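[1] Give me a 3D structure for the following:
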Amino acid sequence: MDMLTLILLLFLGGAIVTWLGNKLSPVVGDLLFLATIIIPAGMFFTGVTVGEVTHLHALGLTLTWGLTPLSYLFSMIVVGLGILLAIYAVPFMKGKQKTGAFYFNFTLSVMSMLGILVSKDWVSFFIFWEIMTWSSYLMVVLNGKDVQRVGIKYFVFSAIGAYAMLMAMVIMNSQLGSFLLADTFNNFQHLTTGNQILIPILLLVAFGVKSAMMPLHVWAPDAYSNAPMAYTGLFSGALSKMGIYGMVLVMVTMINQLPEGTLIRDIIAWIGGFTAAAATLWAITQDDGKKLLAWSSVGQMGYIIVGVAIGTPLAMLAAMFLVVVHAMFKGSLFMVVGAIEKQTGTTNFTEINGLIRKMPWTFISALISVIALAGIPPLAGFVSKWMLYEALIQNNNYILVILLFFASTAGFLYCYKFLHGYFLGQEEPEWAHVKEAPVAMVIPMVLLALGNFVLGTFPQLIFKPIDAAMQFAGYDATGGRLWGESVLFTEWGDVVTLQPILYAVLAVFVFFALFLWFKGTKGTRYVSTKDISTSGELPKEWENLTFKVNFMQPFERAIEPFLKRQIDKYYTAFGNGMEALFEFTRRIHTGNGQTYAIYAILFLALLLLFRVNLFG
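    This next block holds a predicted model:
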């Protein structure tokens, strides 16, 4: 048995064994879950080589699996996040219901995403895509609030994407006689003109649903916030990237061959820009950390979509860099919210404040990740977004870069709101019992946060796999010249380079850290956050001096006309109309034979009437 097949079978078998083991003992279930994720993941990186191809014959079909440089880049995200979130999930799920089901679906999600990435034929791709969808759906409805409404919304949009992909597969196979991805891409010009337009659109719809591209995004905020936080990091950080992976394949193989390709790319880029800006505005209005990060995830995916759609070498480099960076800072932030939920029982900003001393490591993780999300140097978010701005300017997309810059600037508001809401402000007596999250929850979030700092300082560490992925996608061998187009990485002294700036920032940071440490050894007196200047008026013990309710009300009032135009209500109106239509058709099916005879007579009379009027 080849290594790829063995790894996927280990994931599948491990998911079942973990579910059964958890019924025997929670400790056994925890150990089996960690082994099921870590062992096959380690085998994947040590035993599978790029370019290796496996053929599996089943039911008269030949399934072809293999790892490409592009899929290897995305698999790093899946496996890396999978391992860290598995470690995080064990203490997070302690004492919760349906732990066995959580472990089962978590493992299936990791397996299915790796299956998508190694699929070299559309049948395998679709099978693993459906496993991924169903396992994530079961996570969405596992616990949480209003699971029926949220689950139906996610299921409906996932079904739309699945049917769109299935239609594209059927059309390609009927005209080209092959399910192999390489055959469909290489022989794309042999399709009829209409299908050359239809197939990319169908696939972009399928991949746009998973990447939460507007207006196909409405499932994402509720699904991200309803799923367990130990899974949402994987949901947002890795699963959504499967849509980006598919979008890259479509763009570089199909869209590039179309005369209308430039127009399609521009349309998708503008949709991505609007997604980034609109989702950012919605994130600002949220009073719950889960919902804020959910809308933020939708917005950050908009940046990636813009880079993929523009498609210039520097834009694609920025998009691929942001794919990796987004997985790190968003994975860490969802872990932060999960830790707060675990320790306090709530994630609402209006109920919590002053946790900075209670949960210092969680705060440090949140601070670093928020800085990366906001695109502030010296963290990796700045590198990716700056390259994207440069790519847009070089491509003369000036209005689009203004739109993205507006989204980034507005993003500072919800970044500050996130930190202020949970960690800053007055400590409340009701949270006096709160302690730092368990070590197994803290270590993964800190590692992901530090990853943003490392890649922001040494981005070349990830450039090698990105370079290989881009060469596979049809871009010329870069050899370091591509990122040399950015002022951040120019090796000559005629422009500002990134490294001196980073070293200067680090030097200032280290200096102040040493200064504060030195001062702290001189008998610093620690005071309560209640002991602040109040203009001579002593506050009562029960008075809360941290005001957070309607924190963004002036801003919300300014954008109220935009907020009223929710796409959800149009989908809801359409759904209500379809429900009324189905109810009408149900009522006319009375089960009475005489009624059906009348229907038949009326139908024949209409046919005769049309025949006389049309044909004489």
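[2] so for the longest helix anywhere in the chain, what's the average pLDDT?
    Among the segments of the chain that qualify as a helix by DSSP state H, the longest is helix 313-344. The average pLDDT for helix 313-344 rounds to 91.
[3] before we move on, what about stretch 368-386?
    Averaged over stretch 368-386, pLDDT sits at 86.
[4] Quick check: phi and psi on the most centrally placed residue in the chain?
    Geometric centre of the chain, nearest residue: S236, 2.8 Å, by CA atoms, centre = their mean. Dihedral pair for S236: phi -80, psi -40, per degrees, to the nearest 10.
[5] G354 now?
    Backbone geometry at G354, expressed as degrees, to the nearest 10, gives phi 70, psi 30.
[6] From A366, how far out is it?
    Separation of G354 from A366 (CB to CB, to the nearest Å) stands at 14 Å. Just so you know, the C-beta spots here come from the backbone N, C-alpha and C atoms, and that holds for glycine as well.
[7] shared neighbours of the two, anything?
    Taking CB atoms under 8 Å, 6 or more residues apart in numbering as the contact rule, G354 and A366 both touch F423.
[8] Out of those two, name the residue with the larger neighbour count.
    The neighbour count for G354 versus A366, taken as other CB atoms under 10 Å, is higher for A366 (28 against 19).
[9] hang on, isn't the more buried one packed against L333?
    Yes - using CB atoms under 8 Å, A366 is in contact with L333, at 6.6 Å.
[10] just the strands in the stretch 1-150 of the chain please.
    For the stretch 1-150 of the chain, the strands defined by DSSP state E, counting those that start in this stretch cover 53-58, 61-66.
[11] now the ones you listed in a markdown table, with mean pLDDT and mean neighbour count?
    Shown next, in a markdown table, are the strands of the stretch 1-150 of the chain (pLDDT from 0 to 100; neighbours: other CB atoms under 10 Å):
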| stretch | mean pLDDT | mean neighbour count |
| --- | --- | --- |
| strand 53-58 | 80 | 12 |
| strand 61-66 | 84 | 17 |
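[12] ok so, going back, so the residue nearest to the centre of the chain touches K330, yeah?
    Yes - S236 is within contact range of K330, at 5.1 Å (criterion: CB under 8 Å).
[13] Can you check which residues contact both of those two?
    By CB under 8 Å, 6+ apart, S236 and K330 have these common neighbours: 293, 297.
[14] that older thread, nearest residue to the residue nearest to the centre of the chain in space, ignoring adjacent ones along the chain?
    Leaving aside its sequence neighbours, S236 sits nearest to S297 (CB to CB, 6 or more residues apart in numbering; 4.3 Å).
[15] Contacts only, for that neighbour.
    By CB under 8 Å, 6+ apart, the contact list for S297 reads 212, 220, 224, 236, 240, 330.
[16] right, and out of the residues you listed, which lies closest to V401?
    Ranked by distance to V401 (CB to CB), the contacts of S297 are led by A212 at 21.9 Å.
[17] Next, that closest one: secondary structure please.
    Three-state call for A212 (DSSP: H, G, I helix; E, B strand; the rest coil): coil.
[18] Just the pLDDT for it.
    On the pLDDT scale, A212 gets 85.
[19] do you know how far it is from T54?
    Using CB to CB, A212 is found at 32 Å from T54.
[20] And A230, by the same measure?
    Applying CB to CB, one obtains 32 Å for the distance of A230 from T54.
[21] what's the answer for K96, then?
    Distance of K96 to T54, given as CB to CB: 38 Å.
[22] and if you look at T346?
    Distance from T346 to T54, by CB to CB: 48 Å.
[23] T192 reaches Q175, doesn't it?
    Yes - judged on CB under 8 Å, T192 makes contact with Q175 at a distance of 7.1 Å.
[24] And these two? Which one has more around it.
    Shown here are T192 and Q175; by other CB under 10 Å, Q175 has more neighbours (15 against 10).
[25] helix or strand for that one, which one?
    Here Q175 sits within helix 147-176, counting by DSSP states H and E.
[26] For the residue nearest to the centre of the chain, give me its contacts.
    Per CB under 8 Å, 6+ apart, neighbours of S236: 224, 293-294, 297, 330-331, 334.
[27] got a winner among the residues you listed for most neighbours?
    Most neighbours among the contacts of S236, by other CB under 10 Å: F334, with 32 neighbours.
[28] my guess is that one contacts S296, does it?
    No - F334 is beyond contact range of S296, at 10.2 Å (criterion: CB under 8 Å).
[29] quick one: the helix or strand encompassing A468 to chain centroid distance?
    Per DSSP H and E: A468 is located in helix 460-472. On the basis of CA atoms, centre = their mean, to the nearest Å, helix 460-472 sits 21 Å off its chain's mean C-alpha point.
[30] again with stretch 269-282
    Using CA atoms, centre = their mean, the offset of stretch 269-282 from its chain centre is 15 Å.
[31] cool, stretch 448-468 as well?
    The answer for stretch 448-468 is 19 Å, by CA atoms, centre = their mean.
[32] next one: stretch 340-348
    Taking mean C-alpha positions (CA atoms, centre = their mean), stretch 340-348 and its chain are 22 Å apart.
[33] With stretch 446-455 instead?
    Taking CA atoms, centre = their mean, one finds stretch 446-455 lying 18 Å from the centre of the chain it belongs to.
[34] residues of it that come out buried?
    For stretch 446-455, a neighbour-count test (16 or more other CB atoms under 10 Å) marks 446-453, 455 as buried.
[35] same check, this time on stretch 183-199
    Using 16+ other CB under 10 Å as the test for burial, stretch 183-199 gives 183-184, 188, 191, 195-196, 199.
[36] Which residue ranges make up each domain of this protein?
    For the chain, the structural domains run 1-259, 267-526, 566-615, going by automatic domain parsing.
[37] weakest of the ones you listed in terms of mean pLDDT?
    Across these, the lowest-scoring stretch is domain 566-615, with a mean of 66.
[38] And the helices in the stretch 201-350 of the chain, which stretches?
    Counting by DSSP state H, counting those that start in this stretch, the stretch 201-350 of the chain has helices at residues 219-226, 229-234, 240-253, 261-284, 289-310, 313-344.
[39] What is the shortest one packed up against?
    The one in question is helix 229-234. Secondary-structure packing of helix 229-234 (3 or more CB pairs under 8 Å, 6 or more residues apart in numbering; DSSP states H and E): helix 69-92, helix 99-118, helix 289-310, helix 313-344.
[40] so which of those gets nearest I127?
    That would be, of those and by CB to CB, helix 99-118, which comes in at 7.5 Å.
[41] now the helices for the stretch 401-550 of the chain?
    In the stretch 401-550 of the chain, the helices defined using DSSP H, counting those that start in this stretch lie at 439-457, 460-472, 498-520.
[42] Mind listing what's buried along the shortest one?
    Residues of helix 460-472 classed as buried by neighbour count (16+ other CB under 10 Å): 462-463, 465-470, 472.
[43] now that helix and helix 69-92, what's the angle there?
    Interaxial angle, helix 460-472 versus helix 69-92 (axes from the mean of the first three to the mean of the last three CA atoms, to 10 degrees): 130 degrees.
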